[in-house]
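Visitor: Build me a structure from this.
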Amino acid sequence: MTTVEWPVLPLNRTPPGSYFPAIPPPTPPAARAYPQAVMDAPITALMGIVVDGRQPERHPESVRCRVRKQVGTTNRWRLPESLGSDLLGTSQAVKAIKEPAWSDSIRSVVTGESARTSVNRDADKAYTFQTVESRPFSSPRLLRKAARSPSASPSIPSPPRTAPAQMISPRLAVHKPLTPHHPTPAQVFHYHSKHIFDVAGPDVVLHCLGTSWELHKPFLQKSQVLSELLYKAENPKPQKFYRDRTAETLDKYIRDSDIYSNEYQEISQRLNTVTISDGPRKGLSDPAHTSIQRTRTVTALKLKIKDANVTKEALAIALGNLYHDDTRVDEEDVAGVLAAAYHMKCPGLLNGCSQIMIDTVKASNVCTYMKAAIQYEQSSVITTCERWLELNLVPQLSLQIHLRELPMEVMTKLLKSTRLFTYNEYSLYKTLCNWIFLRRHPELQLMPSHSSIITYYNSLPKHSAFLEREEGQVYSGLFLSLKLHGITDTTHLDDIQQMNILPYQWLLRVLTQHYHSLQAGGDMRLLQYNFYSGSVRAGFIMEQDLPFYCEVMSIHGFHFELKAVRLDAEGTYTFYIQRLKPSDPVLSFRACERHTFSLRQDRDVRYDIKVQCFLDGQYQCWSTGVQKHGFGLDGKTSRCKTFTLSNLKCPVYATFHMVFPPT
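Guide: Below is the predicted model:
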């Protein structure tokens, strides 16, 4: 048996002529201490307290408090102390031990080719590539051979003596646009009307927005304005046309260039154009010959449109849609095409654009659609945008930069709507503050964080509130529409006081209402409004078909669970409000330790449950109406009457209105 002796080489030297990178130095013990402590922590914690009763020592870099952190897919427990009755910590520690410590991506990095794992210590031995399950072979020559013959099983060639100098990596697919440049308005129009130009030449030339549009009389009947212009137009006159598209392009290049003189430009235009008359056509050998599509006399029309929303691209798409029975408009151009159709009075195109807006409304275009629908009197689009905003103003639009495009009159109407969805009253207050901030900073391109917005308002002068200054008085009516008495959390009130938007008298009135309600057992005596103006709102969104959804609402020492339970797979849900006891496990530890609890056995509450969703192409809203119930602490009186609905489709928006009448 032959024994092979490995040569002993110093760490800082490499044999000549071989691929032998320097071996990295070992990891210092201090650097390995914390990862090793994290790996051993779940095992130590599950072992329990030892005989002497002393708790194991933590690593110095560990946190001082009992904190759970999400670490990859293991949710690893990081503390070595005995878990005792901590069921959540026990579950995390057991999960950390049972599941593998390394993910597939980390394992591939650790087992990859490196100087530590696949180094060649023998200078006379050929270099071998490491083989793992996910990569059977990694020789570049073998990979190229396998790529050429995928069906055949390649034989493994002899590996190279050294590592290849250049590793061939696959090329990434490069996106190639269909056209090298953005299409011009004329190209867009000819794209829509090319099937007509192949049969008959134009007989109408419309001069609008500095461009001449070649049209056909039969299709102008779809536009009332163009039909009237055509009826009042003079008799057709011979017009000058280019001989072909090539001559037109060449003449445009000469006209736009600064190299050629004016005289040369006039000569070029005269030679490239031809005047068509009603006389006999000339033969093919005549220099003035032109194709049959360009031998007609045309009627010249002029249309003036003074609207910034009507661009040449929008007009080209609008005129091109005259040649179609259906509406062919992209989502990005529908607002401009709607404006062009409004000025040309095209009922079919107006209805088509309105339907496209209704079907494609979302956070990025709802403000544009809303302004266009108001300006051009499209009531169906206005209704759809308002219903979308009532549901998604707080959940979606408040988090995007498009919020600043929302008109003030629309914001005022939304804040007064009884169907407006919000998680709580403070969420609506934040949305209004974000909207004002974005309107005052139109140069921003990204949505700032809420802390940045608080810092901005806090940086304003302190001598008066924002609404008391000249630039903020215009927004006073919007803040009056908010239900500020529904903001009861101390952290939210601290943010409001720090931002210094509301006058001092407003904030004092809110705190006074809270104090009187606490002293009067929850009675809201100072609210002299109707139900929807004085009620406090809370809600949640059911985005998935989960077994139940719940939210806890705490106000004036009373705690309620707002709940929705799914009854079957057909979308049947039941909604109700249930009063919670101080010992109820639904309440968090912070709520039980710091919040106020009323010892009142019964509490009269007027409430209304609203459920909204998009069903059968329409926004549907169901409501219990204003109901009254005396909530007690026993099982019979702690829950109100259930509200059951069927065939609901996610997302479902549930809003709960509550008010405590004087007793």
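Visitor: Setting aside sequence neighbours, what's the nearest residue to residue 514?
Guide: Here the nearest residue to residue 514 in space, its sequence neighbours aside, is residue 488; by Cβ to Cβ, 6 or more residues apart in numbering that works out to 6.2 Å. (C-beta placed from N, C-alpha, C; glycine too.)
Visitor: Check residue 416 too.
Guide: That would be residue 481: by Cβ to Cβ, 6+ apart, it lies 5.4 Å from residue 416.
Visitor: Any idea which helix or strand in the protein has the lowest mean pLDDT?
Guide: The helix or strand of the chain with the lowest confidence, counting by mean pLDDT, DSSP states H and E, is helix 140-148 at a mean of 43.
Visitor: For the helix or strand following that helix, name the packing helices and strands.
Guide: Downstream of helix 140-148, the first helix or strand assigned by DSSP states H and E is helix 185-197. Secondary-structure packing of helix 185-197 (3 or more Cβ pairs under 8 Å, 6 or more residues apart in numbering; DSSP states H and E): strand 211-215, helix 312-320.
Visitor: In terms of helix, strand or coil, where does residue 205 fall?
Guide: strand (DSSP: H, G, I helix; E, B strand; the rest coil).
Visitor: Might one say that it is in contact with residue 297?
Guide: No - the criterion here is Cβ atoms under 8 Å, and residue 205 misses it with residue 297 at 10.6 Å.
Visitor: From the rest of the structure, what touches stretch 581-601?
Guide: 518, 521-522, 550, 552, 554, 556-559, 561, 580, 632-633 (Cβ atoms under 8 Å, 6 or more residues apart in numbering).
Visitor: try stretch 503-521
Guide: 465, 467-468, 479, 484-485, 487-488, 493, 496-497, 523-527, 556-557, 596, 598, 600, 603, 660, 662-663.
Visitor: From residue 597, how far off is residue 525?
Guide: Separation of residue 525 from residue 597 (Cβ to Cβ, to the nearest Å): 21 Å.
Visitor: Buried residues of stretch 336-356, list them for me.
Guide: 336-344, 346, 348-350, 352-354, 356 (16 or more other Cβ atoms under 10 Å).
Visitor: Quick check: end-to-end length of that stretch?
Guide: 13 Å (Cα to Cα, to the nearest Å).
Visitor: residues in contact with that stretch?
Guide: Residues contacting stretch 336-356 (Cβ under 8 Å, 6+ apart): 222-226, 303, 305, 307, 309-311, 313-315, 317-318, 321-322, 326-327, 329, 331, 334, 357, 372-373, 375-378, 380-381.
Visitor: so how far is that stretch off the chain centroid?
Guide: Distance, stretch centre to chain centre, for stretch 336-356: 28 Å (Cα atoms, centre = their mean, to the nearest Å).
Visitor: tally of neighbours for residue 256?
Guide: 9 (other Cβ atoms under 10 Å).
Visitor: Of residue 525 and residue 597, give the one with the bigger neighbour count.
Guide: Comparing residue 525 with residue 597 by other Cβ under 10 Å, the one with more neighbours is residue 597, at 16 against 12.
Visitor: Specify the local secondary structure of the more buried one.
Guide: Of the three states, residue 597 takes coil under three-state DSSP.
Visitor: Next one: it from residue 629, what distance?
Guide: To residue 629, residue 597 is 20 Å away according to Cβ to Cβ.
Visitor: before we move on, back to that, by mean pLDDT, show me the worst of the helices and strands packed on helix 185-197.
Guide: Lowest mean pLDDT of those: strand 211-215, a mean of 86.
Visitor: Please save the CA atoms from it in CSV.
Guide: Output in CSV follows, covering the C-alpha atoms of strand 211-215 (Å, rounded to 0.1, in the frame of the first residue of the first chain):
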residue,chain,number,x,y,z
THR,A,211,-50.8,69.8,-36.8
SER,A,212,-52.7,68.8,-40.0
TRP,A,213,-54.7,65.6,-39.5
GLU,A,214,-55.9,63.7,-42.6
LEU,A,215,-59.4,62.4,-42.0
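Visitor: Buried residues of it, list them for me.
Guide: 213, 214, 215.
Visitor: what does stretch 547-561 contact?
Guide: So stretch 547-561 is contacted by 486, 488, 514, 517-518, 521-522, 536, 538-540, 542, 562-566, 577-580, 584, 586-588, 591, 595-598, 600, 603, 631, 654, 656, 658, 660 (Cβ under 8 Å, 6+ apart).
Visitor: What number of residues are in the vicinity of residue 186?
Guide: 15.
Visitor: so it touches residue 211, yeah?
Guide: Yes - with contacts counted by Cβ under 8 Å, residue 186 reaches residue 211, the gap being 7.2 Å.
Visitor: Which neighbouring elements make contact with the longest strand along the chain?
Guide: For the chain, the strand with the greatest residue count under DSSP state E is strand 603-615. Counting contacts by 3+ Cβ pairs under 8 Å, 6+ apart, strand 603-615 is packed against helix 531-534, strand 573-579, strand 618-623, strand 627-631, strand 643-645, strand 652-659.
Visitor: show me what contacts the residue nearest to residue 416?
Guide: Under the criterion of Cβ under 8 Å, 6+ apart, the contact list for residue 481 reads 412, 415, 416.
Visitor: Which of the residues you listed fall in helices?
Guide: Using DSSP state H, the subset of the contacts of residue 481 located in helices is 412, 415.
Visitor: Output the contacts of residue 481 as a markdown table; include the columns distance to residue 451.
Guide: A markdown table is the format used below for those (distance: Cβ to Cβ, whole Å):
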| residue | distance to residue 451 |
| --- | --- |
| 412 | 28 |
| 415 | 24 |
| 416 | 29 |
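Visitor: Show me where the protein has its strands.
Guide: Under DSSP E, the chain gives strands at 204-208, 211-215, 240-242, 273-275, 299-302, 536-542, 548-555, 558-566, 573-579, 603-615, 618-623, 627-631, 643-645, 652-659.
Visitor: Nearest to residue 38 among the ones you listed would be which one?
Guide: strand 548-555 (34.5 Å; Cβ to Cβ).
Visitor: and that closest one, how far out from the chain's middle?
Guide: 26 Å.
Visitor: Could you pull out the buried residues of that strand?
Guide: Result for strand 548-555 [16+ other Cβ under 10 Å]: buried residues 549, 551, 552, 553, 554, 555.
Visitor: now the residues you listed as a markdown table including pLDDT?
Guide: A markdown table is the format used below for these (pLDDT from 0 to 100):
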| residue | pLDDT |
| --- | --- |
| 549 | 90 |
| 551 | 90 |
| 552 | 89 |
| 553 | 90 |
| 554 | 89 |
| 555 | 89 |
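Visitor: Show me where the stretch 151-300 of the chain dips below the pLDDT cut-off.
Guide: Along the stretch 151-300 of the chain, the parts satisfying pLDDT under 70 run over 151-181, 195-201, 234-253, 258, 261-262, 264-265, 267-296.
Visitor: switch to 90 and redo it
Guide: Scanning the stretch 151-300 of the chain for pLDDT under 90 picks out 151-222, 227-300.
Visitor: Mean neighbour count, the strands of the chain: which tops it?
Guide: Highest mean neighbour count of these: strand 652-659, a mean of 23 (counted as mean count of other Cβ atoms under 10 Å).
Visitor: which residues are contacting that strand?
Guide: 391, 421-422, 524, 527, 531-532, 534-542, 549, 553, 555, 560, 562, 564, 573, 575, 577, 605-613.
Visitor: So for it, mean pLDDT?
Guide: Average pLDDT, strand 652-659: 94.
Visitor: beta partners for residue 574?
Guide: Per DSSP bridges, the residues bridged to residue 574 are residue 565, residue 644.
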